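1. what's the 3D shape of this:
(chains A and B)
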Amino acid sequence: MARIIVVTSGKGGVGKTTSSAAIGTGLALQGKKTVIVDFDIGLRNLDLIMGVERRVVYDFVNVINGEANLNQALIKDKRVDGLFILPASQTRDKDALTLDGVEKVLDELSEQFDYIICDSPAGIEQGALMALYFADEAIVVTNPEVSSVRDSDRILGILASKSRRAEKGLDPVKENLLLTRYNPSRVERGDMLSVEDVKEILAIPLLGVIPESQAVLKASNLGEPVVLDEQSDAGQAYLDAISRLEGNEVDFRFLTEPKKGIFKRIFGG
Amino acid sequence: MSETAIELKGSGFTLSVLHIATNDIAAITAALDAKISQAPSFFAMAPIVVNLEKLAEQTIDFVALKEALVALNLVPVGVTAATDEQKVAAKEAGLAVMIAAKQTAAPTQEVKVERVEVPVEVPVAQYVPAMVVKTNVRSGQQIYAKGTDLIVHGAVSNGGEVIADGNIHIYGTLRGKAAAGAQGDQNARIYAQNIQAELVSISGNYWTSEQIQEHRWQQSGCIHLDGEQLTISSLQE
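-> Okay, here's the model as predicted:
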């Protein structure tokens, strides 16, 4: 049985798809057979971030509607073994997903994979509910600012009341906080909430803190998940988070501003 | 049936007392209707006692009075401060004759509603256990403890709401809204470990965060009514 993990946030633009791509890729790098499913029907982005946009033939909605089988729709990543992407449809909308259809696809994926990463759309409507409904765990992606934190709080409430685990009275969905776009110097200046502030408000375990980084933007534009850039701080922070996801204890890095030498100050780092 | 099937005990209840200064049922109805429209939920099915002090020598159509009160969604319980003739008429109309434990100041308006303690022989209300929420109350969630107290182990987030007919205890931080005494109990209180609320309300008297910030902001405290004035006091006092 696969572990089904939803990457969600409520708010848009906080880094759900970037994080889904990075975490999925990182898990596959560690030898876990992983599929990343794009639930953002109508606004599909995951294939771009993963650099497979030219290889999309069939999508998630085609599989649900029986127009293609799962193996036709799954795209195998060429860089990392055991990594697959199930792309969203660009031409349909989120109502194309049905609980029965999603369940059938996830059940089938569950037989072949160790991890199923569900990349949720923003919002708290149908698409987001579908993405989180079957989850065993949730990674709640949050930026260190008040509106993102409040939307994450809302999603945590929905996870606790509207997921399958909540409705069936099973163990609750395991909640993980992933703080992205963290900028220690702006936190110091008081422009951003600190890790401690966010942890206090959301009161869920911290999975990782991803520093704000040029590497992330570069990775998105290249279609290369940021964990493949092992030199980058963001890539390393994602790898730490993945290690924690697998139950290891890893110290948190990048929480304070690195000391910059004179050359880095002048030429940028 | 065993002997314990029922038990009759005396107990004091807070009842609304309607002081009337006229036997004109239409005038009473109109004035009362205006009063109720200010707080319809507060008065919905409220038990009410009619004080006849100001109508000592007058005859009153108790049947019509009772019907008028029922039509206003009140529950007429009985009359008080009635003369002997009035007592007989009230009993015939099916109203209890009651004696107030303490008399309050004479009413100044033609129709005035106030609350006094009246000892009445009625069965004791059943104990209702408090509602307990062991998690955080998240943004967008609303918890209502109907007819009882509410205890929250965690925090109440911004955008979350907790409401109780009784008291509210929050062992985490109160960042959202809390309303105690939702059915009008002015003695209800809100206790919180850390007050950063968006809104607090006791029996409809509310403060928004602007006003709360001047009192025990980010500290523990107890929010209650002092007369009609909201007050936040220290838990150490």
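
2. Which residues of chain B lie near chain A?
-> By C-beta under 8 Å from any C-beta of the partner chain, the part of chain B that sits against chain A consists of B:135-141, B:154-155, B:157-160, B:172-173, B:175. Any C-beta I mention is one placed from the backbone N, CA and C, and that applies to glycine too.

3. one more time with 7 Å
-> Residues of chain B lying close to chain A by C-beta under 7 Å from any C-beta of the partner chain are B:135-136, B:138-141, B:154-155, B:157-159.

4. Out of those, which sit inside helices?
-> Among these, no member falls in helices (criterion: DSSP state H).

5. Show the buried residues in the residues you listed.
-> Buried residues within the residues of chain B next to chain A, counting neighbours by 16 or more other C-beta atoms under 10 Å in any protein chain shown: B:135-136, B:138-141, B:154-155, B:157-159.

6. How about the contacts made by the spatially closest residue to residue B:60 that is not a sequence neighbour?
-> Distances taken as C-beta to C-beta, 6 or more residues apart in numbering or on different chains put residue B:23 closest to residue B:60, at 4.7 Å, once the chain neighbours are dropped. The contact partners of residue B:23, taken as C-beta atoms under 7 Å, 6 or more residues apart in numbering or on different chains, are B:55, B:58-60.

7. now swap in residue B:129 and tell me
-> With C-beta under 7 Å, 6+ apart, residue B:129 has these contacts: residue B:148.

8. repeat for residue A:157
-> Neighbours of residue A:157 in contact, by C-beta under 7 Å, 6+ apart: B:138-141.

9. Next secondary structure element downstream of the helix or strand harbouring residue B:143?
-> Element membership for residue B:143, per DSSP states H and E: strand B:142-145. Downstream of strand B:142-145, the first helix or strand assigned by DSSP H and E is strand B:150-152.

10. Run through the residues of the stretch 151-269 of chain A sitting next to chain B.
-> A:153-154, A:156-157, A:160, A:201, A:203.

11. Tell me the backbone dihedrals of the residue in chain B positioned nearest to chain A, please.
-> Chain B approaches chain A most closely through residue B:138 (3.1 Å), counting by C-beta to the nearest C-beta. Main-chain dihedrals, residue B:138, degrees, to the nearest 10: phi -80, psi 170.

12. Nearest to residue B:126 among the contacts of residue A:157?
-> residue B:141 (28.1 Å; C-beta to C-beta).

13. what sits against that closest one?
-> So residue B:141 contacts A:157, B:160 (C-beta under 7 Å, 6+ apart).

14. Model confidence at it, what's the number?
-> Per-residue pLDDT puts residue B:141 at 93.

15. ok, now residue B:22?
-> 84.

16. Any stretches of chain A with poor pLDDT?
-> Counting by pLDDT under 70, chain A has low-confidence residues at A:259-269.

17. Name the SS class of the closest residue to chain B within chain A, please.
-> Nearest to chain B in chain A, going by C-beta to the nearest C-beta, is residue A:157, at a distance of 3.1 Å. With DSSP: H, G, I helix; E, B strand; the rest coil as the basis, the three-state label of residue A:157 is helix.

18. Grab the nearest non-local neighbour of it.
-> residue B:138 (3.1 Å).

19. if we can go back for a sec, just the closest of the contacts of residue B:23 to residue A:32, please.
-> Among the contacts of residue B:23, and counting by C-beta to C-beta, the member closest to residue A:32 is residue B:60, at 84.3 Å.

20. CA-only coordinates of the lengthiest helix in chain B, as CSV, when you get a sec.
-> Assignment by DSSP H gives helix B:25-38 as the longest helix of chain B. Only the C-alpha atoms of helix B:25-38 are listed here, as CSV (Å, rounded to 0.1, in the frame of the first residue of the first chain):
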residue,chain,number,x,y,z
ILE,B,25,-54.2,44.2,26.5
ALA,B,26,-53.6,45.8,23.1
ALA,B,27,-51.4,48.5,24.6
ILE,B,28,-49.4,45.9,26.5
THR,B,29,-49.0,43.7,23.4
ALA,B,30,-47.8,46.7,21.3
ALA,B,31,-45.2,47.8,23.9
LEU,B,32,-44.0,44.3,24.5
ASP,B,33,-43.7,43.5,20.8
ALA,B,34,-41.5,46.6,20.4
LYS,B,35,-39.3,45.5,23.3
ILE,B,36,-39.0,41.9,21.9
SER,B,37,-38.1,43.1,18.4
GLN,B,38,-34.9,44.5,19.9
